[in-house]
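Visitor: predicted structure and sequence below. I'll ask about it afterward.
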Protein chains: 2
Amino acid sequence: MRELFHQQMNRLSDTIVLEAKAVKKAMNRASVAMRDANLAKAEKVIDADRKIDFFERSIDEMGVSILARQAPVASDLRVVVSALRVSSILEQMGDLARHIAYVARSRYPHAVLPDTALGVLVKMAEHASSMAENVALLIETRDLKFATAIEEEDDFLDELHEKTFSYVLDNDLDLTRQEIIDIILLGRYLERFGDHAVSVAQRVQFMVNGIQDFSDPFAEVDLTEI
Amino acid sequence: MRELFHQQMNRLSDTIVLEAKAVKKAMNRASVAMRDANLAKAEKVIDADRKIDFFERSIDEMGVSILARQAPVASDLRVVVSALRVSSILEQMGDLARHIAYVARSRYPHAVLPDTALGVLVKMAEHASSMAENVALLIETRDLKFATAIEEEDDFLDELHEKTFSYVLDNDLDLTRQEIIDIILLGRYLERFGDHAVSVAQRVQFMVNGIQDFSDPFAEVDLTEI
């Protein structure tokens, strides 16, 4: 029973590492698809999203199965609960990479945007890729230095996001309405990708460190409507 | 022990109903804040988001506490796991309502947008409010007719979302760049709100009906990288 339990916990951890690596690859490819108007990369991101969704469903089923049959406690319980939450955040990150690939594909063989506008977004995407790399490393190693790196990188991503607005609001720059739509939506997808990376970082911190007050959560909730 | 268990399960269910009702109120108020340039409503949405976040954290802690101490199985386990997932989706819905309130507040005392552009977004927001109402009813009653209603309403929300793009792309309509940004972002927030409502509907269906194949999720995962 204990051996089976450890096998299952390892399988769960392996699967979430694979999901994180798949998300990292997706954002890498989406970044290149956008930068180089690379259709093949865009198609790969779109296809690979089904695999990410499959990983999420598998982790869900594995997690529930472990909870039902093994009733884990303490740090094992935290790992299972965190896996369920993290896999669902990773799935949303995969969707965002897919949205970026859709935009790249829909403009092919043309570039998504004129050079100057593209520059900021490519920087955001490269930054998002680096955050996804750190997310995969964090999940694999559980070394919290990667969580710190993710949080720092997100501040920089937000700064770049602000720049996309200044760019669009500069009436001296010639932009079609479609280009404005693309800049705003791509910027939003990338900013959200970063937010989700931060959520994963916080979840893994919880998994490693535990909850501060595990005493009686039921005592604390004020059940009044707002 | 069993009595305590039932008390805790009820408390968990009550809290998630409260979270859903808080989200419903937030989207209602965000809708009015946007339609009428109503600053007080916008402020209420922004303030109430802290309460929604608190509900989510409480449900998280309650859920983990129940799993650790009571090791629920079968339908009780599904309820706990679903509560953890649904509360996190509701929290994201609350954030989207808050984003809408931010836009309304930042334009006050002016309207967010000129009348015609505002019309489609107000329709989307009213639709999103109705979906949030059905989400709260679904969670409270577990009657799956509300899940069906949510899925149908989301199709209509997506149609309205398409209209916002046609509107922006019509060069005969006079729009400032800030107005274009607002239409695109508000449209995106509302569309995502609808997607999240559909995710809740699917989660509650899972909670009520169970997983189809609970046999051996570990046998099925192909652990190859992509």
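Guide: The structure has been received and is ready for your questions. Numbering: from 1, shown residues only, chains lettered A, B, ... in the order given.

Visitor: look up which helix or strand the residue most central in space within chain A falls in, please.
Guide: Nearest to the geometric centre of chain A sits A:M93, at 3.3 Å (CA atoms, centre = their mean). A:M93 is part of helix A:74-107 when elements are defined by DSSP states H and E.

Visitor: pLDDT averaged over that helix - what is it?
Guide: Averaged across helix A:74-107, the pLDDT comes to 96.

Visitor: and the next element down the chain from it?
Guide: Proceeding N to C from helix A:74-107, the next assigned helix or strand is helix A:115-141, under DSSP H and E.

Visitor: helix or strand right after that next one?
Guide: helix A:145-169.

Visitor: give me the angle between that following helix and helix A:115-141.
Guide: Angle between the axes of helix A:145-169 and helix A:115-141 is 160 degrees (criterion: axes from the mean of the first three to the mean of the last three CA atoms, to 10 degrees).

Visitor: pLDDT (mean, whole number) over helix A:145-169?
Guide: Averaged over helix A:145-169, pLDDT sits at 97.

Visitor: now swap in stretch A:125-140 and tell me
Guide: 98.

Visitor: so how far is that stretch from its chain's centroid?
Guide: In terms of CA atoms, centre = their mean, to the nearest Å, the centre of stretch A:125-140 is found 8 Å from the chain centre.

Visitor: hmm, back to that, what angle do the helix holding A:M93 and helix A:115-141 make?
Guide: Put simply, helix A:74-107 runs at 160 degrees to helix A:115-141, going by the same axes, to 10 degrees.

Visitor: name the helices or strands packed onto helix A:74-107?
Guide: Judged by 3 or more CB pairs under 8 Å, 6 or more residues apart in numbering or on different chains; DSSP states H and E, the packing partners of helix A:74-107 are helix A:2-36, helix A:39-70, helix A:115-141, helix A:177-209, helix B:39-70, helix B:74-107. Backbone N, C-alpha and C define where each C-beta goes, glycine included.

Visitor: can you tell me the SS state at the residue of chain A most remote from its centre?
Guide: Using CA atoms, centre = their mean, the residue of chain A lying farthest from its centre is A:D172. It sits 35.0 Å away. Following DSSP: H, G, I helix; E, B strand; the rest coil, A:D172 is assigned to coil.

Visitor: dihedrals phi and psi, it?
Guide: phi -70, psi -20 (degrees, to the nearest 10).

Visitor: ok, it to B:T141 distance?
Guide: Separation of A:D172 from B:T141 (CB to CB, to the nearest Å) stands at 56 Å.

Visitor: ok, A:A33 next?
Guide: For A:A33 relative to B:T141 (CB to CB), the value is 45 Å.

Visitor: swap in A:E159?
Guide: The gap separating A:E159 from B:T141 is 46 Å, by CB to CB.

Visitor: what do you get for A:M124?
Guide: Note on A:M124: its distance to B:T141, by CB to CB, is 43 Å.

Visitor: surely the residue nearest to the centre of chain A is in contact with A:A132?
Guide: Yes - using CB atoms under 8 Å, A:M93 makes contact with A:A132 at a distance of 7.0 Å.

Visitor: joint contacts of those two?
Guide: Common contacts of A:M93 and A:A132 (CB atoms under 8 Å, 6 or more residues apart in numbering or on different chains): A:V23, A:A26, A:M27, A:F193, A:A197.

Visitor: and the buried ones among those, selectable in PyMOL?
Guide: Restricted to buried positions by 16 or more other CB atoms under 10 Å in any protein chain shown, the PyMOL selection for the shared contacts of A:M93 and A:A132 reads:
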select buried, chain A and resi 23+26+27+193+197
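
Visitor: greatest separation within the shared contacts of A:M93 and A:A132: which pair is it?
Guide: Pairwise distances across the shared contacts of A:M93 and A:A132 (CB to CB) peak at 13.0 Å, for the pair A:A26 and A:A197.

Visitor: now the helices and strands packed on helix A:74-107 as TSV including distance to B:M1?
Guide: Below are those laid out as TSV (distance: least, CB to CB, whole Å):
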stretch	distance to B:M1
helix A:2-36	24
helix A:39-70	19
helix A:115-141	36
helix A:177-209	28
helix B:39-70	8
helix B:74-107	13
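
Visitor: do you know which of the ones you listed lies nearest A:I100?
Guide: Taking CB to CB, helix A:2-36 is the member of the helices and strands packed on helix A:74-107 nearest to A:I100, at 4.2 Å.

Visitor: now the closest one: buried residues?
Guide: Neighbour-count burial for helix A:2-36 [16+ other CB under 10 Å]: A:8-9, A:11-13, A:15-35.

Visitor: go on, stretch A:138-145?
Guide: Buried, per 16+ other CB under 10 Å, within stretch A:138-145: A:L138, A:I139, A:E140.

Visitor: can that stretch be found next to chain B?
Guide: No - contact between stretch A:138-145 and chain B is absent, the nearest approach being 12.5 Å (criterion: CB under 8 Å from any CB of the partner chain).

Visitor: which residues touch that stretch?
Guide: A:16-17, A:20, A:86, A:137, A:146-147, A:150, A:200-201, A:204-205, A:207-208.

Visitor: which of these sits closest to chain B?
Guide: Distance to chain B across the contacts of stretch A:138-145 (CB to the nearest CB) is lowest for A:V17, with 9.5 Å.
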